[in-house]
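Enquirer: below are the sequence and a predicted model; questions follow.
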Amino acid sequence: MTFILAVAFVAVTLAWLGLWDDIAEAIPQLSVHMNMGCYLVFSSVLFIMWFRVTVVFDRFQRWRVRPGQMVEQHIIAVKPDDV
């Protein structure tokens, strides 16, 4: 929320100072080149984030709540007690 407010504040400030015309004129001169290293770093960061979410934080267990009881439910793994 703070980030969105900061971006909005910067946008309004730039409009108030009349700098949007200068920024719009500079965009056609902007040239961005990305090589394989950029894609490798970007995909590695995404993989690490995905791995942490699926393996570390979400262990594929859910809790089923019914009146008077709570049952731990494993989505993928089978507990040894259930075999």
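Expert: On my side now, so go ahead. Residues are numbered from 1 along each chain as shown.

Enquirer: how about the strands of this protein, start to end?
Expert: Per DSSP state E, the chain carries strands over the ranges 61-66, 69-74.

Enquirer: now the last one and strand 61-66, what's the angle there?
Expert: Pointing back at strand 69-74 there. 150 degrees (axes from the mean of the first three to the mean of the last three CA atoms, to 10 degrees).

Enquirer: so what strands line up beside strand 69-74?
Expert: Partners of strand 69-74 in the sheet, by DSSP bridges, are strand 61-66 (antiparallel).

Enquirer: just the C-alphas of the strand it pairs with, formatted as CSV.
Expert: Output in CSV follows, covering the C-alpha atoms of strand 61-66 (Å, rounded to 0.1, in the frame of the first residue of the first chain):
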residue,chain,number,x,y,z
GLN,A,61,-1.1,-30.2,4.3
ARG,A,62,-4.5,-28.8,5.0
TRP,A,63,-6.6,-28.8,8.1
ARG,A,64,-10.2,-29.9,7.8
VAL,A,65,-12.3,-28.4,10.6
ARG,A,66,-15.6,-30.1,11.5
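
Enquirer: quick check: mean pLDDT across that strand?
Expert: Strand 61-66 carries an average pLDDT of 80.

Enquirer: what's the spacing between residue 41 and residue 71?
Expert: For residue 41, the distance to residue 71 equals 43 Å [CB to CB, to the nearest Å]. C-beta here means a position set from N, CA and C on the backbone, and glycine is covered the same way.
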